[in-house]
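Participant: Pasted the sequence and its predicted model underneath.
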Amino acid sequence: QVQLVESGGGLVQAGGSLRLSCRSSGRTFSDYAMGWFRQAPGQEREFVAAIKWSGSRIYYADSVKGRFTISRDNAKNTMYLQMNSLKPEDTAVYYCAGYSGSSYYPGLSPEYWGQGTQVTVSS
């Protein structure tokens with residue numbers, strides 16, 4: 001069974017940076033695509049970014065393009081989300097997600113979820 005554990009959340013001022021990590025266990029990490037989602041209070045969970053197993057294809061939500069960078073290190077079973085130029089509207093619980101297959105396409109639903117890590121951006 002796949003287990004996903006996020007870390008790296010916290011409180012940061014607007015304009016600052018944070019790097020989230022997601023460590024995976026229970027399945028060969030390079031077998032599946034990965035992604036990040038977020039959920040703000042009172043809102044639905046939304047897609048942030050996704051990365052193919054090889055890292056060769058990457059997708060971002062328009063709201064984070066140019067500010068966030070998703071990456072993965074298959075040797076370390078870990079995915080990252082570098083978040084720069086953070087805004088108060090980025091405040092949310094960020095979830096790591098794993099897909100059943102090695103590829104990703106827009107709209108695909110994840111198979112696995114982490115427990116989430118809180119990111120709070122103060123103005």
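Facilitator: Ah, there it is. Numbers count the residues shown, from 1 in each chain.
Participant: Give me the contact list for stretch 50-67.
Facilitator: Stretch 50-67 has contacts (CB atoms under 8 Å, 6 or more residues apart in numbering) with 30-36, 46-49, 68, 70-72, 74, 79, 83-86, 89-90, 99, 102-104, 106, 108. C-beta coordinates here come from the backbone N, C-alpha and C atoms, glycine included.
Participant: so of the residues you listed, which ones are in strands?
Facilitator: Counting by DSSP state E, the part of those found in strands is 34-36, 46-49, 68, 70-72, 79, 83.
Participant: Name all residues that make contact with Arg23.
Facilitator: Counting by CB under 8 Å, 6+ apart, Arg23 makes contact with 4-5, 7, 76-78.
Participant: again with Val48
Facilitator: The contact partners of Val48, by CB under 8 Å, 6+ apart, come to 35-38, 60-61, 64, 68, 81, 94.
Participant: May I see those arranged in CSV, with distance to Leu18 and neighbour count as well?
Facilitator: Formatted as CSV, the contacts of Val48 follow (distance: CB to CB, whole Å; neighbours: other CB atoms under 10 Å):
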residue, distance to Leu18, neighbour count
Gly35, 17, 22
Trp36, 12, 26
Phe37, 16, 22
Arg38, 12, 23
Tyr60, 16, 18
Ala61, 17, 15
Val64, 13, 22
Phe68, 10, 20
Leu81, 8, 26
Tyr94, 9, 23
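Participant: Report the two of those residues separated the most.
Facilitator: Greatest spatial distance among the contacts of Val48 (CB to CB): Tyr60 and Tyr94, at 14.0 Å.
Participant: From Met79, how far out is the residue nearest to the spatial centre of the chain?
Facilitator: By CA atoms, centre = their mean, the mean C-alpha position of the chain lies nearest to Trp36, the distance being 2.4 Å. Separation of Trp36 from Met79 (CB to CB, to the nearest Å): 8 Å.
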